[in-house]
Structure formats: C-alpha cells, structure tokens
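In: Attaching a predicted model along with its sequence, questions to come.
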Amino acid sequence: MFEVGRVRSLWELVEYRAEASRGAPMFFDAEGRSVSFDGVRDEALRVAAGLRGLGIGAGTRVAWQLPTRIGTVLVSLALARLGAVQTPVIPLHREREVGFILAESAAEYVLVPGEWRGFDYAAMARKAAGDGVRVVPVGGGLPVGDPSGLPDDVPERDGTRWIYYTSGTTSSPKGVEHTDASLIAGGVGLATALGMSAQDIGSIAFPYAHIAGPDYVIAMLVSGFPAVVLDSFEPGRAAAVYRRYGVTMAGGSTAFYQAFLDESRRYRRDRPDAGRLIPTLRVLSGGGAPMSPELYSAAGRELGCAVVHGYGMTECPMIAMGTPYDSDDQLARTVGRPVMGAQIRLVRPDGSEAAPGETGEVTLKGPMLFRRYTDPALTAEAFDADGYFHTGDLGRLRPDGHLVLTGRLKDIIIRKGENISAQEVEELVQTHPAVAEAAVIGLPDRERGERVCAVITPADPAAPPLTLDALTAHLRAAGVMAQKLPEQLETTAELPRGGPLNKVLKAALRERYGRR
C-alpha cells in the first residue's frame, strides 16, 4: 500500500494513482461512461483551469450542492488542486439549510446543477445566497480551461480545506473543518479494513457530498480499485447496473442493507432461476446507523456475501470498521475494531476512564479527527484536557478489541445514515399555529433505521386535530428539507415530564409510540 505519510495533499495522491494505474478504470456510470485514473486526473486539471478562470484559487471559499456524478468528483478534485476551501452540501438541503451554510461558511461561490430531478437548485441558491455569493450553475457542463496556466504549487494538506455541516444536537448545523490530511487518514483506515484490491469494483450510490464521499474516493486512490457511480439510489436500478459491471462491494448505510435484502427477495421471487441478485458481490459495507444481528444474518444469507459494518461521523469519517475476515459474532454485534491510527477511550460521566468492558462515552484521538468547528465555543466544549473528542455516543470495548455501541447521549435521529437534530425539528413543528408543544423522537424503522416522529399537544383541544399532511405542508412551505419531515404524527393531551428540570421524558414517548 502507498506510504500515505509521505503525501502532502489529496492532489498528490491523485497524481500518484494516475501514474501507478495508468489506463485502468476509476469510474463507471449507469450511462456506460468509463474514466481511467489518469483520465480523472487530466479532466480534473481542465476543470481546475476552468474554475480558476472564474476567479477561484487558493483559499477561495466554494460551496457546491451537486448530485453524485463523475463530474462532481472532478469538481471536488479540481478544487483540491487549486487549494480552495470547499463546502459540500447534501442535495436534499433546501433554502433554510443552504442559506445558513452559505452564510456561516462565508462562501464566495456556490456551484449547483441548475435543475435536477424536478427542482431548480439555481433559483433556490439565488434566494438563499447573500449579495457576495456568486451562483454558478453547471448543469450544462463543467467549466474547463487550459491546465498549462495553473500555478505549479499545490497547497499542503494541513490547513482547512473542507467544511462539512452536521446537525448534531443543536438547532443550527455545525461547521466541521477538515484538512486533506484528516480525510486521507480516514480513507486509509477504510481501505486497510476492507482490504480491497484493483480486482474489486466498488460503488458510490450515496450522496458524494456526505463526508463518506471523499473517504471512499481516497480508499479507491489508495487501493487502486474502480467504482460505479449512481446519482440516486433505487435498489432495482442499482442492482441491475451492479450486475452489468460486476460490482464486488456495495452498501452505504444500514438502510442500504435492508433495501438490497428486500430487492433480492423480490428478484428471486420473480425470477426463480436467476440466481443471486448481484452474483459478483462479496462485501456489503457501510455505517451511519445501528445494525441488528437479525439484519446482518438475513442480508448476508440472502445476498451471499459478508456484511461489514463500521462507525464514523462527520467529525471523524472513520472510527472503527469490521473486516471481511472477522467472525460472524464480531460482524453481527460490533462495529469492528478502531481503524489504523484511531485511539478510543471510554469515559464515565465524571471524565474518568471506564474499566475494561464497562460502558462509557466514546472519546477519541487520531489523524482522521477534524481540525475544529467553525464556532470556537463548540470546539472548546467538544474536547477534553487531554485532547480527546467527545462523540456523545455510548459503547464498550470487548476483550477482542471490537467496539460495541450501546446508545447515545446526543438527542439526534439517524435516518438513512443522516443525522437529524430533534431540537431543530421540534422548533419548526412548534411554528404551526395548531401546535402548543412538540417533542420529536426517532423510532425504529425497518427501511430507514429510524423514522422521525412528532408528538404534539394541540393549541386548541376543541379544534379538528392536526394531520400529518397539513404539518408536512407547513414545513415544506418553510423550506425544510424532506429528510427532516416527520413521518409519524401523534397527539397527546400533555407530554410526559420528570426530573429536577421537568424535562420531557423522551424514553417514555419512544416506548409509547415505537410499536405503532
């Protein structure tokens, strides 16, 4: 494996792989396009020249909200070549979130696809952006130019080069600053755990704007394997494209496991003699939400492959990861061992280190850890005196070194691998005139991992009850992204409360409504 400690920047890793795997494919897509590793480098250089022609250079703050396509990867690599500070934005985000992110990240440019899947991103960006932000639609083609005019120097990897936003536990998204070095360390951790080779074919059907996007691409550059890129995940379509290209590793999150399991059952029911859904598949991998032992067993048995689960977050893209060589017990009941370079310490509420096997909060150090939050106050709260980052997740380390996650301190909902702030959704729900109080909880969901449930008390108990359709229409009108919309609405006379601060007892609400 490439000696990653010698790499000065992400672009240097691109250059290394372009020469080491010259002519070998790096990307395929559903339309039949194929681009080699050296072709990706050359195209990214032309895009970098085009972006420079727009005035983008080292240190320029550029947000982009683009679907998962080969061109989007080219944009991100081109920005890395220029040394810009890039802020990827999930395409699901709408005006409210986009406006906050553009302002908080001090973006000078935002790249959007124009209209995509029936939604006008350029119009939204113009409404959300401040006067100093230039909106650049790239739906008609990426800007390109002559790379011979690019500056020779590539900024090194230790400064902030990426800003990701996560809802976390606060009502406003948190800006998470990463360097090239931290993302490379995360990608190396993933590549080392999965043991992929140039003979494998991976897949990217999750949002490339997620922290997992560059994490995965870096693993490709380190190990030299290609991947199929899909701009949206539809299980039947994805499986058909994967069969065409002979994909050996698929996944993205727990929701993907369930989707492939269901699709495989439909596929074999309709085609009894067709064999496996994806005959070449040997690994189903991902993270982002808990995985039950039952789902592990069912998906592995049905799809005929190893199911390898991991643990990461926006602040640290790779914390722990299973491997295809772990035992069934390790794969079904843990999130794997800490990846190479990650140091995990479990602590009690008083900050002392938990005893072996004792449950505690997961804190961590390592080269893949983010640099800081954009808000210095959040940074100060998140790290202890020894420099360990407090994740807010609870877990325990087994004698075999594997990490078991047992819960979380943070009041977040993980829906299809995305963190949703319950507090943020509560505040939005309470803007409806029919709502007096609201509590938002995550409930177990077979397809999503967790679904968003709003529990409300009515402003006027004598009035007709608020419906889920009316509530979601109100939230959509406020510009809320679809991912955050409640999928279940419950009405109660009063919310259960207790404790010295008379807090809402969300555990009681989960127990009451979780089985409906």
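Out: That came through fine.
In: tell me what the strand or helix carrying residue 242 is packed against?
Out: Assigned by DSSP states H and E, residue 242 belongs to helix 235-245. Counting contacts by 3 or more Cβ pairs under 8 Å, 6 or more residues apart in numbering; DSSP states H and E, helix 235-245 packs against strand 227-229, helix 254-270. Bear in mind the C-beta positions are built from the backbone N, C-alpha and C, glycine included.
In: Out of these, which gets the lowest mean score?
Out: For these, the weakest mean pLDDT is recorded on helix 254-270, namely a mean of 92.
In: So what angle separates the directions of it and helix 235-245?
Out: Put simply, helix 254-270 runs at 80 degrees to helix 235-245, going by axes from the mean of the first three to the mean of the last three Cα atoms, to 10 degrees.
In: tell me what helix 254-270 is packed against?
Out: Counting contacts by 3+ Cβ pairs under 8 Å, 6+ apart, helix 254-270 packs against helix 235-245, strand 249-253, strand 283-287, helix 293-303.
In: and the last one, average pLDDT?
Out: With pLDDT averaged residue by residue, helix 293-303 scores 93.
In: could you check the angle strand 249-253 makes with the following helix or strand past it?
Out: As assigned by DSSP H and E, the chain's next helix or strand after helix 293-303 is strand 306-313. Counting by the same axes, to 10 degrees, strand 306-313 lies at 40 degrees to strand 249-253.
In: Where does the residue nearest the centre of the chain sit, in terms of helix or strand?
Out: Central residue of the chain (Cα atoms, centre = their mean): residue 210, 3.7 Å from the mean position. Assigned by DSSP H and E, residue 210 falls within no helix or strand.
In: Excluding sequence neighbours, find me the nearest residue to it.
Out: Leaving out its chain neighbours, the residue that sits closest to residue 210 by Cβ to Cβ, 6 or more residues apart in numbering is residue 90, at 6.5 Å.
In: would you turn the helices and strands packed on helix 254-270 into TSV with distance to residue 415?
Out: Formatted as TSV, the helices and strands packed on helix 254-270 follow (distance: least, Cβ to Cβ, whole Å):
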stretch	distance to residue 415
helix 235-245	17
strand 249-253	10
strand 283-287	14
helix 293-303	16
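In: For stretch 327-345, measure first residue to last.
Out: The straight-line separation of the ends of stretch 327-345 (Cα to Cα, to the nearest Å) is 24 Å.
In: next one: stretch 473-481 to chain centre, how far?
Out: Distance of stretch 473-481 from its chain centroid, counting by Cα atoms, centre = their mean, to the nearest Å, is 23 Å.
In: quick one: average pLDDT of that stretch?
Out: Mean predicted lDDT for stretch 473-481 stands at 92.
In: Now that stretch: buried residues?
Out: 474-475, 479-481 (16 or more other Cβ atoms under 10 Å).
In: Kindly state the domain boundaries assigned to the chain.
Out: Per automatic domain parsing, the domain ranges recorded for the chain read 4-194, 233-408, 412-513.
In: Quick one: closest of the ones you listed to residue 221.
Out: Relative to residue 221, the nearest member of those by Cβ to Cβ is domain 4-194, separated by 4.5 Å.
In: And that closest one, how far out from the chain middle?
Out: Mean C-alpha position of domain 4-194 versus that of the full chain (Cα atoms, centre = their mean) differs by 15 Å.
In: Could you number the chain from 594 rather than 1 from now on?
Out: Done: numbering now begins at 594, and the last item shifts to domain 597-787.
In: Output the below-cut-off pLDDT ranges for the stretch 944-1093 of the chain.
Out: Counting by pLDDT under 70, the stretch 944-1093 of the chain shows low-confidence ranges at 1092-1093.
In: And the strands in it, which stretches?
Out: With strands called from DSSP state E, counting those that start in this stretch, the stretch 944-1093 of the chain shows them at 953-958, 965-966, 982-990, 996-1001, 1005-1008, 1011-1014, 1028-1038, 1042-1051, 1081-1084, 1090-1091.
In: want to throw these into TSV with distance to residue 662?
Out: Shown next, in TSV, are these (distance: least, Cβ to Cβ, whole Å):
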stretch	distance to residue 662
strand 953-958	33
strand 965-966	30
strand 982-990	32
strand 996-1001	33
strand 1005-1008	24
strand 1011-1014	20
strand 1028-1038	29
strand 1042-1051	26
strand 1081-1084	33
strand 1090-1091	48
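In: What's the local residue count around residue 685?
Out: The tally of other residues near residue 685 (other Cβ atoms under 10 Å) stands at 15.
In: Residue 1053 now?
Out: Neighbours of residue 1053 (other Cβ under 10 Å): 9.
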